[in-house]
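Engineer: next come a sequence and a model predicted from it.
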Amino acid sequence: MRTHLFLIAGLLLTPAAVNAAETQTTMDSKAAFARLKGLVGEWQADTSKGKVRVSYELIAGGTSLVERDSSDKMPVMVTVYHMDGNRLLLEHYCMAGNQPRMEARSFDAETGELHFQFLDATNLANRNAGHMHSATFHIADSEHVSADWDFFEDGQRKMTESFSYTRVK
């Protein structure tokens with residue numbers, strides 16, 4: 001009986017392991033991180049809520065990229081991007097009071113589109129509590145980048161925050 005349970009568990013976990021392996025083999029995480037590192041500097045976006053500023057800084061000998069988001073109408077938020085083995089991760093320190101962690105799932109080097117998907121979070125009461133769940137970046141060139149952040153609540157997208165930034169310096 002116990003052998004059957006291990007066999008069944010192994011068969012159930014195999015597709016997840018295959019999907020994780022496919023994610024890693026179909027995406028060049030190191031190239032995606034290199035593209036993100038090109039954002040170092042200061043950026044600005046005009047939104048319906050006023051000007052939003054974002055800055056990018058390399059820390060820890062170039063192994064982590066810190067993004068600092070600010071505007072006159074919201075508290076500062078920070079996102080840290082880094083490699084974890086062959087995976088590219090981000091951790092977002094959100095004004096919602098939680099810290100979602102996301103894994104890069106796709107990167108198109110030609111278009112500069114980089115997509116992150118929710119992995120887990122700290123200070124999240126449960127998976128249905130409001131949190132940033134995914135983020136997609138379009139790094140068009142060295143002067144323009146856009147970002148779409150999806151906020152989920154009760155298991156579904158509640159809103160998407162979209163920003164189109166232009167480099168200030």
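Structural biologist: Okay, I see it. Numbers count the residues shown, from 1 in each chain.
Engineer: which residue is the nearest non-sequential neighbour of the most centrally placed residue in the chain?
Structural biologist: Closest residue to the average C-alpha location of the chain: Phe116 at 4.3 Å, with C-alpha atoms, centre = their mean. Spatially, and ignoring its direct neighbours in sequence, Phe116 is nearest to Met102 (3.8 Å; C-beta to C-beta, 6 or more residues apart in numbering). For glycine as for every other residue, the C-beta is placed from the backbone atoms N, C-alpha and C.
Engineer: and the pLDDT for the one you found?
Structural biologist: Met102 is assigned 98 on the pLDDT scale.
Engineer: could you measure from it over to Glu110?
Structural biologist: 22 Å (C-beta to C-beta, to the nearest Å).
Engineer: more crowded one of these two?
Structural biologist: The neighbour comparison of Met102 against Glu110 (other C-beta atoms under 10 Å) goes to Met102, with 23 against 5.
Engineer: host element of that one?
Structural biologist: strand 99-108 (DSSP states H and E).
Engineer: off-centre distance for the one helix or strand Ala45 maps to?
Structural biologist: For Ala45, the host element (DSSP H and E) is strand 41-47. Computed by C-alpha atoms, centre = their mean, to the nearest Å, the chain-centroid distance of strand 41-47 equals 18 Å.
Engineer: other residues contacting that strand?
Structural biologist: If you take C-beta atoms under 8 Å, 6 or more residues apart in numbering as the criterion, strand 41-47 is touched by 51-56, 71, 145, 163-169.
Engineer: the residues you listed, buried ones only, as a ChimeraX selection?
Structural biologist: With 16 or more other C-beta atoms under 10 Å as the criterion, this ChimeraX line picks the buried residues out of the contacts of strand 41-47:
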select :52,53,54,55,56,71,145,163,165
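Engineer: quick check: the residue nearest to the centre of the chain touching Ser106?
Structural biologist: No - Phe116 lies out of contact with Ser106 (C-beta atoms under 8 Å); the separation is 9.1 Å.
Engineer: which parts of the strand holding Met102 are buried?
Structural biologist: Gln99, Pro100, Arg101, Met102, Glu103, Ala104, Arg105, Phe107.
Engineer: so Arg68 makes contact with Val40?
Structural biologist: No - using C-beta under 8 Å, Arg68 is not in contact with Val40; the gap is 11.9 Å.
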